[in-house]
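Enquirer: 3D model of this:
(2 chains)
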Amino acid sequence: DVVMTQTPVSLSVSLGGQVSISCRSSQSLVHNNGNTYLSWYLQKPGQSPQLLIYKVSNRFSGISDRFSGSGSGTDFTLKISRVEPDDLGVYYCGQGTQYPYTFGAGTKLELK
Amino acid sequence: EVKLLESGGGLVQPGGSLRLSCAASGFTFTDFYMSWIRQPPGKAPEWLGVIRNKANGYTTEYNPSVKGRFTISRDNTQNILYLQMNTLRAEDTAIYYCARLRGNYFDYWGQGVMVTVSS
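Expert: Prediction:
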């Protein structure tokens, strides 16, 4: 299985600040078709996960441009700028390149 | 509007069985791959498996962690996704989500249903 390693485990941020979350995979996420199926999800307290970013850097419908994804191969980053209260929760990276699909352990974003 | 609504969760004894349902609406159900994902309390999500769309013959793939015990199926006339779970263990206790797959990522998730395996 592809192991997804997220760092840090938790982050404290001030409103209006900027944070970065790292996600590394144990194998390259480049699919045979040339696409890289790395996505990012946010799980707000008491809710189901919601898609933020797909294929490394594409924002899902309705997602603010304050969220940006980057990376390649095995090393990926999610950046959140001008943090707002609604951004708080647990962020997960996930890979859809190889079965079984797998997720990282999560990064909890809290207010400082 | 895409909606996914799970049902069928509850308390079940170890070794028992349970079938979860996920009612889908707001999109052409037969066009999409659908998955089940579970999340033990306080832990990360775990993908359980996928059932492909009509164009791909509704074939299935499973996580080895549940293969042979869990079965995913779909009723394409009623737009319902199912998860049949057999020989349940305490470690199967989790919130179970259905999710729509698009291009190898999950674009919509249901609200989830709790399954507790305990005597």
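
Enquirer: all strands for the chain, in order.
Expert: No chain specified, so I'll use chain A. A:4-7, A:10-13, A:19-25, A:38-43, A:50-54, A:58-59, A:67-72, A:75-80, A:89-95, A:102-103, A:107-111 (DSSP state E).

Enquirer: other chain: chain B
Expert: Going by DSSP E, chain B shows strands at B:3-7, B:10-12, B:18-25, B:33-39, B:46-51, B:60-62, B:70-75, B:80-85, B:94-102, B:105-109, B:113-117.

Enquirer: List the buried residues for the second one?
Expert: Pointing back at strand B:10-12 there. By 16 or more other Cβ atoms under 10 Å in any protein chain shown, the buried positions in strand B:10-12 come out as residue B:12. No exception for glycine: its C-beta is placed from N, CA and C like everyone else's.

Enquirer: which neighbours does it have in its sheet, and in what orientation?
Expert: Paired neighbours of strand B:10-12 in the sheet (DSSP bridges): strand B:113-117 (parallel).

Enquirer: what residue lies at the spatial centre of chain B?
Expert: Nearest to the geometric centre of chain B sits residue B:36, at 2.8 Å (Cα atoms, centre = their mean).

Enquirer: list the contacts for the closest residue to it other than its chain neighbours?
Expert: Residue nearest to residue B:36 in three dimensions, not counting chain neighbours: residue B:48, with 4.3 Å by Cβ to Cβ, 6 or more residues apart in numbering or on different chains. With contact set as Cβ atoms under 8 Å, 6 or more residues apart in numbering or on different chains, residue B:48 has these partners: B:35, B:36, B:37, B:38, B:62, B:63, B:65, B:66, B:70, B:72, B:83.

Enquirer: follow-up on the earlier one: want to throw the strands of chain A into CSV with mean pLDDT and mean neighbour count?
Expert: CSV is the format used below for the strands of chain A (pLDDT from 0 to 100; neighbours: other Cβ atoms under 10 Å in any protein chain shown):
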stretch, mean pLDDT, mean neighbour count
strand A:4-7, 98, 18
strand A:10-13, 96, 14
strand A:19-25, 98, 20
strand A:38-43, 98, 26
strand A:50-54, 98, 22
strand A:58-59, 98, 15
strand A:67-72, 98, 17
strand A:75-80, 98, 20
strand A:89-95, 98, 25
strand A:102-103, 98, 22
strand A:107-111, 96, 16
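
Enquirer: gap between residue B:105 and residue A:92?
Expert: Separation of residue B:105 from residue A:92 (Cβ to Cβ, to the nearest Å) stands at 12 Å.
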